[in-house]
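Asker: structure of the sequence below:
(chains A and B)
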Amino acid sequence: MRPCEEYEDLISAFIDGALPEADRERLMEHMASCPACQAYFDDQVAIHDAFVRGEAPAPERLASAVMAQVCSTPQRAKRKPILLRWQSYAALAACCALVVLGLWRFRNWQEERKWEMLIENFHQDTFVTTADEPEPALRCAPEPAAVSEPDEAPAAPEAYALPAPAAGAQKDGAETAQEEPVEEPASLFETLPECFLFSSGAGAWRTELSIASDGSFKGEFTDANMGSGELLYCNFSGQFSEPEQVSEFVWSVTVEALELEDTPGETTYVKADNLNRIASTPYGLENAKEVLIYLPGAAAEDLPEMFRSWTHAPSEGALDFYGLYNVEEALGFSGYDP
Amino acid sequence: MTPDELARAAAKGDIDAFETLLGLYQNKVYGLALRMCGSEEDAWDVAQEAFLAAWRALPGFRGESGFSTWLYRLTANAAIDCLRREKKRRGELSIEGGELPLSLPDAGPSPQEAAEGGELRAAVNAALARLTDQHRTVLILRELQELSYEEIAGALGLDLGTVKSRISRARKALRKILLEDGNLSGYLPSKDTEQSGRGARRP
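Answerer: Numbers count the residues shown, from 1 in each chain, chains lettered A, B, ... in the order given. Next up, the predicted model:
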């Protein structure tokens, strides 16, 4: 960045009333000795003042034209709600359900869907989900099976091993979904690669994510802290919203539900491997609200710098893989088919 | 009822609640569409498309970003799609950087405006139409629709840092056009001038 480019950014922030006091002093000091920046400042203030603001009144007939269409347009069916889009009233039900979850977690996807439908009866669907709030599951998660049967613990990642079981899951998920009224059978999710990977490429950690055709997802974070006798892990699952197209190669989904299998911090000693398995958080999707899906062909220069940095995407040209971008945390996943 | 409460009701199929929202936001949505598309005909289509998309998608709307931000996003997306279609029709290969052969609303200064520097107003409006879609969009949202950085980030699906830097770049590009057309009295500093931080003060 050329020296004065930085000040152009400060001037822009100043005009928007978003420049912190310290930067403001720095800017004023600089401008006192830099006529170029002073001129830039004067011009930008003049341009800012020249914008004609205010609302452009909508044509009178717009509202009636919209309403005529609204009356004949059905709303999109709400997605089948999944386990943890519950409000606090459902905490008790969630606790009971999660005891079941502990027993069930190694079973297959189809059983899982049936079970979800069963407990769905408890669910009064609500408008706002609680992705930001501590989920009841985190407080109510059952004792992991591995506590009483430590040797079983290493099997847990297998249950979530990606992508093979997930591939089956996709199929089964799709079959189950056919029982529901599905508006657009050929969804974006069906076109995505089997697996998305979030990793630095240099660390001993990775998060893998698999998205089923109905937008539900499963994932696993692992971080083998070698030599310390600790393995951080997080098995999680959740639901993405119906994708919305942002531009030709960019779609947007929101995280409607995110459920962790075990409460972060829970530690299980696995005798066979002489290590402690410590439940952690879903690094990569943590705090995610909006997730952008980038399709191959997206112009690399339009993609966020942090996405490119995480996925080692080229800085120019077209993206040649599918990507996910956690907007909130500025983290990127890259898709691949193993 | 607040807009978000109305949105919750509309999400459950309450058409009256949706109509109230429509009344509250139609000027904002239409204004954004008009400023982005530049023609009343396109703005009419885009505004309808945005409201209809909102109606259809409301059941899945989570309410975290606020209804207005979400609606802005639908509008901006519909407008960008519209511009893209328009450019394809004109056979342009590049999505970005094309000039819009249209006059933006409010382009003509009133006699009073002319007396108060309305020439610059007209020039700014005309120059705005010559920015890239990306730059024009952020400036319209910031300067004309007066959205906050956070709202723009929500509306465009960008992170805050990108919003700030894109607005700054857009302003720089706008000034460059105005300078080249002789609508500003400043001068373009040379690279050396900028680097040394010294230069002749303009008259």
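Asker: in contact with A:Asp320, which residues are there?
Answerer: A:Pro296 (C-beta atoms under 8 Å, 6 or more residues apart in numbering or on different chains). The C-beta positions use only the backbone N, C-alpha and C, and glycine is treated the same way.
Asker: state the distance from it to A:Phe333.
Answerer: 15 Å (C-beta to C-beta, to the nearest Å).
Asker: again with A:Ser33
Answerer: Distance from A:Ser33 to A:Phe333, by C-beta to C-beta: 47 Å.
Asker: low-confidence ranges in the chain?
Answerer: I went with chain A, as the question did not name one. Along chain A, the parts satisfying pLDDT under 70 run over A:1-2, A:54-55, A:77-186, A:200-204, A:225-228.
Asker: um, chain B though
Answerer: Applying pLDDT under 70 to chain B flags residues B:64, B:91-118, B:185-203.
Asker: which stretches of it form strands?
Answerer: Read by DSSP state E, chain B holds no strands at all.
Asker: residue closest to the middle of it?
Answerer: In chain B, the residue lying closest to the centroid (C-alpha atoms, centre = their mean) is B:Ile140, at 2.9 Å.
Asker: give me the neighbour count for the closest residue to that residue other than its chain neighbours.
Answerer: Nearest non-adjacent residue to B:Ile140, counting by C-beta to C-beta, 6 or more residues apart in numbering or on different chains: B:Arg35, 4.7 Å away. Using other C-beta atoms under 10 Å in any protein chain shown, B:Arg35 has 26 neighbouring residues.
Asker: repeat for B:Glu180
Answerer: Should you count by other C-beta under 10 Å, B:Glu180 turns out to have 11 residues around it.
Asker: could you do B:Phe51 as well?
Answerer: Neighbours of B:Phe51 (other C-beta under 10 Å): 28.
Asker: would you mind measuring from the spatially closest residue to it that is not a sequence neighbour to B:Leu22?
Answerer: With C-beta to C-beta, 6+ apart as the criterion, B:Phe51 has its nearest non-adjacent residue at 4.6 Å, and that residue is A:Val66. Per C-beta to C-beta, A:Val66 is found 6 Å from B:Leu22.
Asker: so what's in contact with those two at the same time?
Answerer: In contact with both A:Val66 and B:Leu22: B:Phe51, using C-beta under 8 Å, 6+ apart.
Asker: okay, now the domains of chain B?
Answerer: B:1-89, B:106-183 (automatic domain parsing).
Asker: would TSV of those with distance to A:Asp262 be doable?
Answerer: Formatted as TSV, the domains of chain B follow (distance: least, C-beta to C-beta, whole Å):
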stretch	distance to A:Asp262
domain B:1-89	26
domain B:106-183	31
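Asker: neighbours around residue 42, how many?
Answerer: Answering for chain A, as no chain was given. With other C-beta under 10 Å as criterion, A:Asp42 counts 16.
Asker: the chain in question should be chain B.
Answerer: 20.
Asker: gap between the nearest residue to it once chain neighbours are set aside and B:Leu34?
Answerer: Nearest in space to B:Asp42, with sequence neighbours left out and distances taken as C-beta to C-beta, 6+ apart, is B:Cys82 at 5.3 Å. B:Cys82 sits 11 Å away from B:Leu34, going by C-beta to C-beta.
Asker: so if I had to pick from these two, which one is more boxed in?
Answerer: More neighbours surround B:Leu34 than the other of B:Cys82 and B:Leu34, with 24 against 19 (other C-beta under 10 Å).
Asker: how far away is the nearest residue to the more buried one once chain neighbours are set aside from A:His312?
Answerer: Leaving aside its sequence neighbours, B:Leu34 sits nearest to B:Ala43 (C-beta to C-beta, 6+ apart; 3.8 Å). Taking C-beta to C-beta as the measure, B:Ala43 falls 41 Å from A:His312.
Asker: these two: which is more packed in?
Answerer: More crowded of B:Ala43 and A:His312, by other C-beta under 10 Å: B:Ala43, with 27 against 10.
Asker: the more buried one and B:Gln26 touch, don't they?
Answerer: No: counting by C-beta atoms under 8 Å, B:Ala43 stays clear of B:Gln26, with 11.3 Å between them.
Asker: of A:Ser33 and A:Phe333, which one has the most company?
Answerer: For A:Ser33 versus A:Phe333, the count of surrounding residues by other C-beta under 10 Å is larger for A:Phe333: 27 against 10.
Asker: quick check: the gap between the more buried one and A:Phe321.
Answerer: Following C-beta to C-beta, the distance that separates A:Phe333 from A:Phe321 is 10 Å.
Asker: same thing with B:Ile177?
Answerer: 37 Å.
Asker: helices of chain B, residue ranges please.
Answerer: Per DSSP state H, chain B carries helices over the ranges B:3-11, B:15-37, B:40-57, B:67-89, B:111-115, B:118-128, B:133-139, B:149-156, B:160-180, B:191-196.
Asker: can I get those in a markdown table including distance to A:Ala46?
Answerer: Shown next, in a markdown table, are those (distance: least, C-beta to C-beta, whole Å):
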| stretch | distance to A:Ala46 |
| --- | --- |
| helix B:3-11 | 35 |
| helix B:15-37 | 20 |
| helix B:40-57 | 28 |
| helix B:67-89 | 27 |
| helix B:111-115 | 14 |
| helix B:118-128 | 6 |
| helix B:133-139 | 15 |
| helix B:149-156 | 22 |
| helix B:160-180 | 9 |
| helix B:191-196 | 20 |
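Asker: what's the closest of those to A:Asp42?
Answerer: When those are compared by C-beta to C-beta, helix B:160-180 sits nearest A:Asp42, at 10.4 Å.
Asker: hmm, who's touching the closest one?
Answerer: Residues outside helix B:160-180 that contact it (C-beta under 8 Å, 6+ apart) are A:8-9, A:11-13, A:15-16, A:18, A:40, A:43-44, A:47, A:304-305, B:120, B:123-124, B:127-128, B:130-132, B:134-136, B:138-139, B:142, B:149-150, B:152-153, B:156, B:158, B:184, B:186-188.
Asker: on the three-state scheme, the residue lying closest to A:Trp205 once chain neighbours are set aside is what?
Answerer: Nearest non-adjacent residue to A:Trp205, counting by C-beta to C-beta, 6+ apart: A:Asp223, 3.7 Å away. Secondary structure, DSSP: H, G, I helix; E, B strand; the rest coil: A:Asp223 is strand.
Asker: count of neighbours near A:Asp223?
Answerer: Using other C-beta under 10 Å, A:Asp223 has 18 neighbouring residues.
Asker: A:Ile278 sits in which helix or strand?
Answerer: Using DSSP states H and E, A:Ile278 sits in strand A:275-279.
Asker: list the buried residues in that strand.
Answerer: Going by neighbour count (16 or more other C-beta atoms under 10 Å in any protein chain shown), the buried part of strand A:275-279 is A:275, A:277-279.
Asker: so what does it touch, helix or strand wise?
Answerer: Contacts defined by 3 or more C-beta pairs under 8 Å, 6 or more residues apart in numbering or on different chains; DSSP states H and E place strand A:275-279 against strand A:230-240, strand A:267-270.
Asker: so for A:Cys71, which of these sits nearest?
Answerer: Across the helices and strands packed on strand A:275-279, the minimum distance to A:Cys71, taken as C-beta to C-beta, is reached by strand A:230-240, at 29.9 Å.
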